[in-house]
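Enquirer: Predicted model follows, preceded by the sequence.
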Amino acid sequence: MQVVELIRTFRVIEAKLLQHLIQLVAVILLGLVLQSAADCPLSKAIIEGTNRIFKSADPVGNLDLKRTEQVRTGEVLHMFCQANDIVRTTCLPNSTFSIPLPLGCNNPLAVSATIVADPSCPATTYSVGYVINNRQLELYRSCYDRGAVKALFTTPLMYPKTIATERSCPQLTTDGALSDADGNSFTPANVFNSFNRILGRNQRFIRNNRDTVIIPARLTPSADYLFGDQICATSKYINVVPLFKSINDGNWQSIEKWVRTTVGVGGHMRIRTGVLGTLTLRGTERRRRQHRIFLIGANKNPVPEWIFKVVRTAANQPHTVFLTYNNIFNNRRPSAPNFCRSVPCPVALANTAAAGYTFCCNAASFNR
């Protein structure tokens with residue numbers, strides 16, 4: 001039996017090494033293609049050293065948010081700070097900019113979360129981005145249930161990038177969707193107290209009020225973005241859900257990395273990431289009933305049972321669907337739910353509760 005388990009372990013390690021090698025080759029090839037097509041490629045130093053908003057003209061001439069490091073000869077970057085502070089710099093034939101980058105800004109425009117109409121959302125839809133000259137420049141949308149203090153799903157567009165940039169971002173913001181007290185429900189102390197309140201003080205799922213077991217995990221991850229202001233736009237409570245930390249750092253992180261390396265050169269993917277159901281755990285009373293887990297009393301801020309990611313092409317055609325079980329305490333792999341027609345996954349994932357049992361679903365029939 002031990003030999004069989006050892007063989008399985010080696011196979012998982014071999015699959016993961018092959019997966020990382022494929023991802024590395026894809027990133028290198030993508031970088032070479034982008035650099036050959038970009039006459040003034042934006043470097044990591046330029047991106048990280050600039051706190052202005054990168055804008056350029058879209059194919060029909062409207063100014064829109066810049067999303068990639070590719071800058072063509074003759075392309076004009078509109079480096080936006082405020083309406084009365086815009087610096088325009090042009091990519092010259094000698095691969096330099098007419099006004100050198102990076103460029104600073106004393107009072108950059110803040111990212112906003114604007115309520116918009118969206119029939120696909122059964123709750124309140126927030127458009128996260130900028131309102132400039134009465135035009136909404138959107139990074140992603142969040143469907144958020146304010147009454148339940150629950151993010152249902154987000155819908156960004158993902159663009160290719162080869163540079164992993166960093167930016168120090170502020171704490172998660174509430175944006176009028178929830179109170180500061182509701183936001184504090186994600187703290188380790190509150191999570192521990194909530195488990196005690198629901199399951200009884202003898203519960204053994206979370207041992208103390210200091211361990212970080214559940215985190216506010218971003219539905220639209222910061223690593224999907226290239227520019228600093230766009231990275232920080234993900235730091236919002238309307239973009240997070242309670243996810244077990246080991247799952248977020250395990251299979252879910254592998255899924256996010258795979259999606260980023262799958263985006264086509266010069267194109268983009270349509271992403272929908274959301275949650276389904278509410279986690280249930282057995283209490284400590286004599287009958288040991290199943291209890292739904294909420295981080296706020298009165299059934300608010302539920303811990304989801306499932307988290308999903310739907311990947312569609314730029315033409316909105318089905319591509320891939322991932323569905324991960326958000327329960328580190330059930331060491332038996334569950335069956336795929338009836339709304340997921342299970343298919344082989346395109347990426348090697350760990351088959352453990354701690355990493356998050358994951359299914360890939362038929363993308364054409366998945367309608368969540």
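Expert: Received the coordinates, thanks.

Enquirer: And stretch 86-94, how far out from the chain middle?
Expert: From the chain centre to the centre of stretch 86-94 is a distance of 32 Å (Cα atoms, centre = their mean, to the nearest Å).

Enquirer: quick one: terminal-to-terminal distance for it?
Expert: 24 Å (Cα to Cα, to the nearest Å).

Enquirer: which parts of that stretch are buried?
Expert: 89, 91 (16 or more other Cβ atoms under 10 Å). Using the backbone N, CA and C atoms, a C-beta is placed for each residue, glycine as well.

Enquirer: So what would you say the end-to-end distance of stretch 337-350 is?
Expert: End-to-end distance (Cα to Cα), stretch 337-350: 19 Å.

Enquirer: tell me the mean pLDDT over that stretch?
Expert: Computed over stretch 337-350, the mean pLDDT rounds to 97.

Enquirer: Buried ones in it, by neighbour count?
Expert: For stretch 337-350, by 16+ other Cβ under 10 Å, it's 337, 340, 345, 347, 348, 349, 350.

Enquirer: So the spatially closest residue to the fourth one that is not a sequence neighbour versus residue 225, what's the distance?
Expert: Think residue 347. Excluding its sequence neighbours, the residue lying closest to residue 347 (Cβ to Cβ, 6 or more residues apart in numbering) is residue 258, at 4.4 Å. Applying Cβ to Cβ, to the nearest Å, the value for residue 258 to residue 225 is 17 Å.

Enquirer: now do residue 286
Expert: 51 Å.

Enquirer: Check residue 345 too.
Expert: 25 Å.

Enquirer: What ranges does this structure have for its helices?
Expert: Taking DSSP state H, the helices of the chain run over residues 2-37, 44-49, 180-183, 188-199, 228-232, 245-248, 251-262.

Enquirer: In the protein, where's the longest strand?
Expert: strand 135-145 (DSSP state E).

Enquirer: what does it rub up against?
Expert: 55, 62, 64-65, 111, 113-114, 116, 118, 120-131, 150-157, 177, 219-220, 225, 230, 233-234, 236, 238-239, 274 (Cβ atoms under 8 Å, 6 or more residues apart in numbering).

Enquirer: Keep only those of those that are in strands.
Expert: Using DSSP E, the contacts of strand 135-145 in strands are 55, 64-65, 113-114, 116, 124-131, 150-157, 274.

Enquirer: Give me the PyMOL select line for the residues you listed, limited to the buried ones.
Expert: Command for PyMOL that selects the buried part of the ones in strands among the contacts of strand 135-145, burial taken from 16+ other Cβ under 10 Å:
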select buried, resi 55+64+65+113+124+125+126+127+128+129+130+150+151+152+153+154+155+156+274
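
Enquirer: Can you show me the strands along the stretch 201-350 of the chain?
Expert: 214-218, 240-244, 269-276, 280-282, 290-292, 294-296, 300-302, 306-312, 318-325, 342-343 (DSSP state E, counting those that start in this stretch).
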